[in-house]
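Peer 1: need the 3D shape of this:
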Amino acid sequence: MPGRIAPSDLYLQLHGQLGVINDLLHRVAASVADYKLYDPETLEADTLGDATTGPETYEAVLRELDLVDTALKATDAAYRRVLDEASRLYLKD
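Peer 2: Reported below is the predicted structural model:
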């Protein structure tokens, strides 16, 4: 049937999107590693927002990156479940 996308092609699209999630997971891990190279006591925070210190802001950045990592891992797991189901579909003859 012309114009209709085969389920196997949709599966491949989903699989490619999983690669994007994995790439983001690696980038977040690399960012965490880079931030951990700092001694928090050598950092200062600007005065543009709520009063804070460099070390407090540093810890906040690491905490938020951890939340991003957790969310991406959950997304990765969900995508893998989608792929398991999507791999079973095909068009009837």
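
Peer 1: could you say which helix or strand holds V32?
Peer 2: helix 7-35 (DSSP states H and E).

Peer 1: report the rounded mean pLDDT for that helix.
Peer 2: On average, the pLDDT along helix 7-35 is 96.

Peer 1: after it, which helix or strand is next?
Peer 2: Past helix 7-35, the next helix or strand by DSSP H and E is helix 54-86.

Peer 1: tilt between that next one and helix 7-35?
Peer 2: Using axes from the mean of the first three to the mean of the last three CA atoms, to 10 degrees, the inter-axis angle of helix 54-86 relative to helix 7-35 is 160 degrees.

Peer 1: which helices and strands does the helix holding V32 pack with?
Peer 2: helix 54-86 (3 or more CB pairs under 8 Å, 6 or more residues apart in numbering; DSSP states H and E). (Each C-beta comes from the backbone N, C-alpha and C, glycine too.)

Peer 1: what lies in contact with stretch 31-48?
Peer 2: 52-59, 61-62, 65-66, 69 (CB atoms under 8 Å, 6 or more residues apart in numbering).
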